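*Asks:* Structure for the following, please:
(chains A, B, C and D)
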There are 2 protein chains.
Amino acid sequence: MTDLPDSVDYGPLSESLGFLLRLSQLRAFADFFDGMAGLDVHPGELSVLLVLSANPGIRQGVLARALTIKRAHMTKMVRAMERDGLVSRTVPQDDRRAVELWLTDTGHARVAALRPAFDTQQPRETARLTPDETTTLKRLLRKHIGLKEPDTPCP
Amino acid sequence: MTDLPDSVDYGPLSESLGFLLRLSQLRAFADFFDGMAGLDVHPGELSVLLVLSANPGIRQGVLARALTIKRAHMTKMVRAMERDGLVSRTVPQDDRRAVELWLTDTGHARVAALRPAFDTQQPRETARLTPDETTTLKRLLRKHIGLKEPDTPCP
DNA sequence: CGAAGATTGTATCCCAGTAAACAAGATGCC
DNA sequence: GGCATCTTGTTTACTGGGATACAATCTTCG
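*Replies:* Below is the predicted model:
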């Protein structure tokens, strides 16, 4: 990814959260493809695998909403992953419209294979910030999107 | 935009900056289309207009790099805006490959017409955060993408 | 100078992701 | 029960944006 030119006046854009988020996300994408190169995995596929690993039997529509992926697109992704033997799909008897998703053994193996690279990826993504700044940034983003804090035992 | 389901375990994704950025950006997009509804403007077009307004005569390639838009795509956008009478393109004599971009009178009028809605949009985007949190978030994002702080006189 | 290489914008092809319409099933309401 | 309405997943058609290759121009260096 090429750097931003520093001779440009961004005007009101440098105060626009939306614009800053767009640039940040593209930067994160570039980092992802840098760090995960050779593993032939896309961000969307990885996110599906990780959430499926933590939520066996999750319904396809709930997964789509959780990842902010449109249902139509989720269908394509999940079908492809089923074709590749990573995911199995079952129809629950209490609602025969729905589809429940499960990782196959191959799927679990894929997660196990990707997990180290993913974990290594995290520090790389935040290399430009101090640890404190990283923590703060993540907390604010979670608050902004209304995502509950993880692993926070509330006594 | 529909809310995230709160019964889903995001696993390691809730610690992934890239994932948080993706969700945040989609949220920002939804906010944008909410607030700018009826003005028939897309985020990309607006960003071009604003940067052009602050940098008259900027070269097409520099603009593309500044906004992280691919040159091929910038060509399409700018051509369309030229067709709509918003932008004029001139070839500088010192480099006849390049193209300099200028807002037309219509273009300036368009910026003036969009600016109030854009300014109103900013608070809306950050409604879930306190003012302090908003300032911090923007500062950290700017640092993360290597964008210089605006309006900071360095004595 | 002049040939090799880099930069700038463009045309072409391609694909991830969206929107809209649909089918099948569930739910509410009388 | 039975009709209207909502959900859930899927199909189809389309679009924004990227990858690639290219032409024209500029630069470098022999």
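*Asks:* all helices for chain A, in order.
*Replies:* Ranges of helices in chain A, per DSSP state H, are A:17-35, A:43-54, A:60-67, A:71-83, A:105-125, A:131-145.
*Asks:* what does chain A put close to DNA strand D?
*Replies:* Residues of chain A lying close to DNA strand D by C-beta under 7 Å from any atom of the strand are A:59-62, A:64, A:71-72, A:75-76, A:78-79, A:89, A:95, A:97-99. No exception for glycine: its C-beta is placed from N, CA and C like everyone else's.
*Asks:* quick one: which of these is nearest chain B?
*Replies:* Minimum distance to chain B across these is 5.4 Å, recorded for A:Val62 (C-beta to the nearest C-beta).
*Asks:* ok, that closest one - how many residues close by?
*Replies:* 17 (other C-beta atoms under 10 Å in any protein chain shown).
*Asks:* Also A:Ala112?
*Replies:* A:Ala112: 10 neighbours (other C-beta under 10 Å).
*Asks:* which regions of chain A sit below the pLDDT cut-off?
*Replies:* A:1, A:151-155 (pLDDT under 70).
*Asks:* Nearest residue to the closest residue to DNA strand D within it in space, please, no chain neighbours.
*Replies:* Closest residue of chain A to DNA strand D, C-beta to the nearest atom of the strand: A:Gly61 (2.2 Å). Leaving aside its chain neighbours, A:Gly61 sits nearest to A:Arg71 (6.0 Å; criterion: C-beta to C-beta, 6 or more residues apart in numbering or on different chains).
*Asks:* residues contacting the one you found?
*Replies:* Applying C-beta atoms under 8 Å, 6 or more residues apart in numbering or on different chains to A:Arg71 gives the contacts A:Gln60, A:Gly61, A:Ala64.
*Asks:* out of the residues you listed, who has the most neighbours?
*Replies:* A:Ala64 (21 neighbours).
*Asks:* returning to what we had before: what's the closest of the helices of chain A to DNA strand C?
*Replies:* Smallest distance to DNA strand C across the helices of chain A (C-beta to the nearest atom of the strand): 3.6 Å, for helix A:71-83.
*Asks:* What residues does chain A have near DNA strand C?
*Replies:* Residues of chain A lying near DNA strand C (C-beta under 7 Å from any atom of the strand): A:His42, A:Gly44, A:Ile69, A:Lys70, A:Ala72, A:His73, A:Lys76, A:Met77, A:Asp94, A:Asp95, A:Arg96, A:Arg97.
*Asks:* burial of the second one, as a residue count?
*Replies:* Around A:Gly44 sit 14 other residues, with neighbours defined as other C-beta under 10 Å.
*Asks:* picking that back up, can you tell me which of the residues of chain A next to DNA strand C are buried?
*Replies:* Neighbour-count burial (16 or more other C-beta atoms under 10 Å in any protein chain shown) applied to the residues of chain A next to DNA strand C gives A:Ile69, A:Met77.
*Asks:* and the residues of chain A next to DNA strand C as CSV, adding distance to B:Pro5?
*Replies:* Putting the residues of chain A next to DNA strand C into CSV (distance: C-beta to C-beta, whole Å) gives the following:
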residue, distance to B:Pro5
A:His42, 23
A:Gly44, 18
A:Ile69, 13
A:Lys70, 15
A:Ala72, 18
A:His73, 17
A:Lys76, 21
A:Met77, 18
A:Asp94, 18
A:Asp95, 16
A:Arg96, 21
A:Arg97, 17
